[in-house]
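**Student:** Dropping the sequence and predicted coords here.
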Amino acid sequence: MTVDFNQFPITFDHMNWQLQPVHTKIGPTVTGFRYEAGTGAGQRTDKHGVTWPTPSFYDTVLGAGGFAAVDSWPMKAMTLYATEKGGDWRTNGWNPYQDLAEGATCVDDSARTAIALATDYLLNGTESSFQTARAVLTFTCYMTTTEGKVYNFAWLDAPAMFAWDPMQSQDKHYMYRSEFVRRTQYPPLGPGGSKAAWMQFDSDPTHIITSGGQPVRADPFIPHPKYTIAMDDLQATNGADVAPVYNGPVYGGATGGPSGYLNNIKKDWTTSTLNLGGDDARQLWALALGLQMLQKRKTVNGSWSTDEMFFGKFIENHINRVLRNVCQYSLTTLDNRLAANFLVGLCEYFRAVWIGGGWGTYTPQLPQTGANAGGTASPHDDPTPQSVIYSKIDEGINAITARQFTSTDWRNGIFVDDPATGDWQAWGQLQIYALSKAYRLKRDIGQSAAVLDGFLDIISYSADTFYGNEAYHYRDASNNYARTKERITSISGWAAQFHTNSSQSVYQDSSIVAGLLELAMAWDQSARSNKAAKKAEYLGYAKIVGTWFIGNNSALLPMYAANAGPLPFDGRGAVLDEINVSSGVPVRKGDAGGESTAEGLWAMILIKNAISQHSLGNTFSFNY
C-alpha cells in the first residue's frame with residue numbers, strides 16, 4: 001500500500017468551523033466575554049484570592065488607548081469536541097459538543113490551536129494563520145489572572161452554540177465528569193442515599209441503565225452565566241477551604257423528575273487547581289510563539305502597526321505574568337510529560353528574546369527595570385531575568401532525563417516517572433522534542449558540540465530504543481515496513497496495551513513526529529562525522545510516523561481528512577479522534593475534537609514542511 005502526503009493539503013476549514021467567536025465588538029455592543037469585574041454573564045470574578053485585569057490595567061500597561069485596542073480585538077476559542085452526525089461525518093459533518101461537567105472550551109486546546117497556527121505562519125507565512133492565532137491568543141490571555149495563573153475551562157452560550165441537543169443547549173452543568181456519565185446513563189434504583197455509591201468513579205455505561213435497558217437523560221443542575229470562567233477551586237490562594245457544597249438530585253427511573261436530593265455534598269476534585277498544569281505550559285509555549293510571530297511580522301513588513309505594537313505589549317505582559325508564576329515551582333516535581341511541555345515553552349521564550357528564530361530577536365516594548373518594570377508597579381508583571389529562565393531550562397532537562405529508564409528488555413529507553421509501578425501513556429510523549437529543542441538552544445548560545453555530546457546521546461538513545469523499536473516501530477523495515485502501523489498505546493504495571501486491543505489517538509503520534517524532526521535538526525548542529533546520515537535517518541523516521549495520519553495505521557484509513565472526495569465534508573481538514581478496537585477489528589471513530597484538530601494539524605504542518613525543505617518525497621509504501 002502506498003500513501004501520498006501530496007494528496008493531503010493543509011487546510012483549516014474544520015478548525016475554523018470549530019473555533020467559536022467569543023468576543024466581538026460592533027460599535028458599543030460587546031458580545032461574549034467582557035473585560036469587566038462581576039459575577040454576571042461575560043464577567044470575570046475576583047475570588048479565592050485570585051484577581052483579574054481591569055480596563056484601567058490595560059491602559060496602564062499598554063499606554064493611552066490600550067484598553068480600547070484590546071476591547072476591539074476578536075477572540076476565538078476552540079470547542080472541546082465535535083461529534084459525528086448521524087453516524088456519517090462525510091455526509092453530515094459534526095455537532096459541536098461541550099463537557100457538561102468542565103466547560104465548553106479550554107485554554108489547553110485553544111493554546112494548542114494557537115501553536116499550530118503560529119507554526120504555520122512562521123514556516124509558511126500564511127496571513128490568515130497569523131490573524132486567527134491572534135484571536136485565539138487573545139482568548140487564552142483573557143483566561144490568565146493578574147497573578148499569572150491560567151484557568152483552563154470556560155462556559156460559552158449553550159443555547160446559541162449547542163442548540164442541536166436539549167441537554168447540551170442548557171447554561172447548566174454537573175459537578176463532576178463521572179457524574180456527567182452517571183446522570184446521562186443512570187441506574188434504575190438510584191444511589192440508595194449513599195454518596196460513596198452515588199459517586200463511583202469507575203461508573204461505566206454498560207452498568208448504568210434503566211430496568212428497560214435505556215439511559216436516563218438526567219439534566220445538568222448547576223446554573224452558570226454565559227461566557228464565564230469555570231473557577232472551581234477547592235482551596236483559596238491562602239489555603240482556605242472553598243470547596244463547593246451542593247445538593248445533588250437523584251433519579252429512580254427513566255421518566256419524571258428527581259426522586260429526591262442528596263444534601264451537602266462537598267466537592268473533592270476539580271480542574272481548577274492553583275498548581276501548575278498543562279494549561280499553564282501550553283499558554284507559555286503559545287505566547288512565546290506569539291512573540292516570534294510578531295518579530296517575523298516586524299522583519300517582513302519593516303515595522304509594526306500601532307495595533308500590532310499594542311498586541312506585542314499585551315503578549316509580553318501576559319507571558320511575564322505566566323513566567324513569574326511558573327518560576328515559583330520546581331519542574332522536577334512534575335511528571336516528565338508535563339515538564340517537557342514547560343521545557344518547550346521556556347526554550348521558545350528564550351529563543352524569541354535572546355537568540356532569534358530566523359527574524360532577529362524580539363525587543364521587549366515594556367520597561368525591563370525600575371519601579372514600573374513590566375508596565376506596572378506589581379511584581380507579578382516584572383520580566384523574569386535571563387539567568388532564571390536558563391536555570392529553569394536546565395531544571396526541565398534534568399526533570400526529563402532523570403526519568404529515562406534503561407534495561408536489557410523491551411522497556412529500554414522509555415521515559416517513565418516510576419519504574420516500580422511501570423505506568424505509561426503514549427499520549428503527550430513530548431520528551432524527545434523538548435530535549436532536542438534544549439540541545440539546539442544550547443548550541444545556538446555557543447556551547448560546544450563536544451560539551452553537549454552526552455546530552456545528544458541521551459536523546460538519541462530513547463529515539464533508537466523503546467520509541468523506535470517498540471512503541472512506534474519506525475526503525476523496523478522488515479517486510480517492507482509492515483510493522484510501522486503498530487503501536488504500544490499504554491502500559492500499566494509494565495503490561496503493555498497495543499493497537500490490537502486498545503484505542504489509538506492523534507496525540508499519541510503528533511509529539512513523536514515533532515520530536516524526530518527536531519532531533520534531526522539537533523544532529524545537524526552537532527560536530528559528529530555521521531551527522532548528515534543521522535539527520536537523514538531521523539527525518540525519515542518522522543515521515544514514517546507521520547504516515548499514521550494519512551493511512552499507515554491499523555484501520556488503513558486517513559485520520560487527517562484533507563484528501564479530496566465526493567461527499568460534502570471530505571477535504572475539510574478534520575483530524576479524526578481515534579481508532580477504536582471492536583471485537584479485534586480496528587474502527588476509525590468519526591468524531592473530531594479540538595485536541596485532535598490542533599495536534600493533528602500541527603504535526604501535518606511540520607512534516608509537510610520537512611518533506612518540502614529536505615526533499616523527503618511525498619510517498620511511502622508499506623505492506624499490511
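**Tutor:** Sure, I can see it.
**Student:** does Ser128 really touch Phe12, like I thought?
**Tutor:** Yes: counting by CB atoms under 8 Å, Phe12 is a contact partner of Ser128 at 7.3 Å. All C-beta spots, glycine's among them, are computed from the backbone N, C-alpha and C.
**Student:** quick one, which of those two is more surrounded?
**Tutor:** Set Ser128 next to Phe12 and count neighbours by other CB atoms under 10 Å: Phe12 wins out with 22 against 12.
**Student:** okay, the residue lying closest to the more buried one once chain neighbours are set aside: pLDDT?
**Tutor:** Excluding its sequence neighbours, the residue lying closest to Phe12 (CB to CB, 6 or more residues apart in numbering) is Gly573, at 5.9 Å. We note a pLDDT of 97 for Gly573 in this prediction.
**Student:** Bridging across strands, which residues link to Thr24?
**Tutor:** On the basis of DSSP bridges, Thr24 is bridged to Thr31.
**Student:** What distance do you get for it to Gln131?
**Tutor:** 14 Å (CB to CB, to the nearest Å).
**Student:** likewise Tyr227?
**Tutor:** Using CB to CB, Tyr227 is found at 22 Å from Gln131.
**Student:** More neighbours: which of the two?
**Tutor:** A direct count of neighbours by other CB under 10 Å for Tyr227 and Gln131 places Tyr227 higher, at 25 against 13.
**Student:** gap between the nearest residue to the more buried one once chain neighbours are set aside and Thr140?
**Tutor:** Nearest non-adjacent residue to Tyr227, counting by CB to CB, 6+ apart: Gly42, 4.3 Å away. Separation of Gly42 from Thr140 (CB to CB): 17 Å.
**Student:** who has more neighbours, the two?
**Tutor:** Neighbour count, other CB under 10 Å: between Gly42 and Thr140, Thr140 has more, with 28 against 19.
**Student:** wouldn't that one be in contact with Val107 here?
**Tutor:** Yes: at 5.0 Å, Thr140 counts as touching Val107 under the criterion of CB under 8 Å.
**Student:** Would you mind grabbing the residues shared as contacts by the two?
**Tutor:** Listed contacts common to Thr140 and Val107 are 150, 283; contacts here mean CB atoms under 8 Å, 6 or more residues apart in numbering.
**Student:** Residues touching stretch 135-145, excluding its own?
**Tutor:** Stretch 135-145 is contacted by residues 19, 22-23, 33, 35, 44, 50-52, 70, 73-78, 105, 107, 110-111, 113-114, 117, 150-152, 154, 229, 279, 283, 286-287, 290, 314-315, 318, 321-322 when judged by CB under 8 Å, 6+ apart.
**Student:** burial measure for Gly66, as a count.
**Tutor:** Other residues lying near Gly66 total 21 when counted by other CB under 10 Å.
**Student:** Next, the contact list for it, please.
**Tutor:** Gly66 touches 58-60, 310, 313-314, counting by CB under 8 Å, 6+ apart.
**Student:** For these, please prepare a markdown table with the additional fields pLDDT, neighbour count and distance to Phe455.
**Tutor:** Listed next are the contacts of Gly66 as a markdown table, based on pLDDT from 0 to 100; neighbours: other CB atoms under 10 Å; distance: CB to CB, whole Å:
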| residue | pLDDT | neighbour count | distance to Phe455 |
| --- | --- | --- | --- |
| Tyr58 | 97 | 23 | 42 |
| Asp59 | 97 | 16 | 46 |
| Thr60 | 97 | 19 | 43 |
| Phe310 | 98 | 24 | 40 |
| Lys313 | 98 | 21 | 36 |
| Phe314 | 98 | 25 | 36 |
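**Student:** for the protein, what helix or strand is lowest in average pLDDT?
**Tutor:** Sorting the helices and strands of the chain by mean pLDDT, DSSP states H and E puts helix 195-198 at the bottom, at a mean of 42.
**Student:** Can you name the next helix or strand after that one?
**Tutor:** strand 222-223 (DSSP states H and E).
**Student:** Name the surrounding residues that touch that following strand.
**Tutor:** The contact list for strand 222-223, computed with CB under 8 Å, 6+ apart, reads 171-175, 246.
**Student:** Give me the distance from it to the chain's centre.
**Tutor:** 27 Å (CA atoms, centre = their mean, to the nearest Å).
**Student:** What of stretch 74-89?
**Tutor:** Its chain's C-alpha centre and that of stretch 74-89 lie 16 Å apart, by CA atoms, centre = their mean.
**Student:** Show me where the stretch 51-200 of the chain dips below the pLDDT cut-off.
**Tutor:** Residue ranges of the stretch 51-200 of the chain with pLDDT under 70: 177-200.
**Student:** ok, which stretches of it are helices?
**Tutor:** Shown for the stretch 51-200 of the chain, the helices assigned by DSSP state H, counting those that start in this stretch span residues 55-62, 66-72, 89-92, 107-124, 127-142, 158-161, 177-184, 195-198.
**Student:** same deal with the stretch 401-550 of the chain?
**Tutor:** Using DSSP H, counting those that start in this stretch, helices in the stretch 401-550 of the chain cover 431-444, 449-464, 478-481, 510-524, 531-546.
**Student:** Columns mean neighbour count and mean pLDDT on top of those, output as TSV?
**Tutor:** Compiled in TSV, those are given as follows (neighbours: other CB atoms under 10 Å; pLDDT from 0 to 100):
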stretch	mean neighbour count	mean pLDDT
helix 431-444	25	99
helix 449-464	17	99
helix 478-481	12	97
helix 510-524	26	99
helix 531-546	21	99
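**Student:** what's the angle from the longest helix seen in the chain to helix 127-142?
**Tutor:** Longest helix in the chain, counting residues (DSSP state H): helix 278-301. For helix 278-301 against helix 127-142, the angle by axes from the mean of the first three to the mean of the last three CA atoms, to 10 degrees is 140 degrees.
**Student:** Please point out which parts of helix 278-301 sit buried.
**Tutor:** By neighbour count on 16 or more other CB atoms under 10 Å, the buried set for helix 278-301 is 278-298.
**Student:** mind checking how far that helix is from the chain centre?
**Tutor:** 15 Å.
**Student:** what's the spacing between the nearest residue to Trp164 once chain neighbours are set aside and Thr408?
**Tutor:** Spatial nearest neighbour of Trp164, chain neighbours left out: Asn95 (4.9 Å); criterion: CB to CB, 6+ apart. Between Asn95 and Thr408 the computed distance is 50 Å (CB to CB).
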